[in-house]
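>>> What would the 3D arrangement of this be:
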Amino acid sequence: MPTTATITASDLTTFAAQTVIQSAKMNTNFSIWRGHNLPVDPTASAAAATKTWDVGSADYRWRNVYGSPVLPVASTTAAYALLPTDHVFAASPAAGTITVTLPALSSVPAGKIYVIKKTDATVNEIVIDGSGVETIDGTTSVGLFSPYESMTVISNGSAWYSI
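Model (predicted):
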């Protein structure tokens, strides 16, 4: 069983966004952790106080203890360019078609996910547009027409894909 210790501010290191920390054998109690990767939140603005790791759990494994993440939600009734810090986007095209533009792939990490949700019962379209010539499932734009329809897209670093 691991010993109990208090971690103070002087024991902590600040890492840049998108850093991956590889664990190493700390002592014989923690040898099972060798080779695990601990991703640092990809958004530099993430509140550090909401992300903690329990390194002394009884089962000797990394455990994310901050629970379900609180995801940033943006909403509008007009055209919108998604920000790298956005995650969920809710839009009502009740007054007519609106365009939601994904950020340039170079501005977000591979694995970045966006959820775009149509929040009304009309058949007016939300156009989801890649930045410039960037594609979503091989095409530069896709549309949401059905009432309350949604689409989730993920970056692989060179294109967007619906999932």
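>>> got any ranges where this protein has weak pLDDT?
By pLDDT under 70, the low-scoring segments of the chain are 1-69.
>>> Show me the strands in the protein, by range?
Taking DSSP state E, the strands of the chain run over residues 20-22, 37-39, 53-54, 63-64, 73-76, 80-81, 88-91, 98-101, 113-118, 126-129, 141-144, 150-155, 160-162.
>>> closest to Thr135 out of those strands?
With CB to CB as the criterion, Thr135 lies closest to strand 160-162 of these, at 6.7 Å. For the C-beta atoms, the positions are set from N, CA and C on the backbone; glycine is no exception.
>>> In the closest one, which residues are buried?
Within strand 160-162, the residues that count as buried by 16 or more other CB atoms under 10 Å are Trp160.
>>> quick one: Leu83 from Glu125, how far?
Distance, Leu83 to Glu125, by CB to CB, to the nearest Å: 22 Å.
>>> Is it correct that Pro109 is in contact with Asn156?
No. Look at Pro109 against Asn156 with CB atoms under 8 Å: they stay out of range, at 10.5 Å.
>>> got a markdown table for the strands of the chain, with distance to Thr135 too?
Compiled in a markdown table, the strands of the chain are given as follows (distance: least, CB to CB, whole Å):
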| stretch | distance to Thr135 |
| --- | --- |
| strand 20-22 | 27 |
| strand 37-39 | 26 |
| strand 53-54 | 37 |
| strand 63-64 | 33 |
| strand 73-76 | 23 |
| strand 80-81 | 17 |
| strand 88-91 | 19 |
| strand 98-101 | 13 |
| strand 113-118 | 15 |
| strand 126-129 | 10 |
| strand 141-144 | 9 |
| strand 150-155 | 11 |
| strand 160-162 | 7 |
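>>> Domains in the chain, by residue range?
Partitioning the chain according to automatic domain parsing yields domains covering residues 12-64, 73-162.
>>> where do the helices sit along this protein?
In the chain, no helices are defined using DSSP state H.
>>> Tell me which residues touch Asn156, please.
Contacts for Asn156 were tallied using CB atoms under 8 Å, 6 or more residues apart in numbering; they are 110-111.
>>> what about it, distance to Ala78?
Here the criterion is CB to CB. By it, Asn156 lies 29 Å from Ala78.
>>> Over to Ile126?
From Ile126 across to Ala78, the span is 11 Å (CB to CB).
>>> what is in contact with these two at once?
With CB under 8 Å, 6+ apart as the test, Ile126 and Ala78 both reach Ile98.
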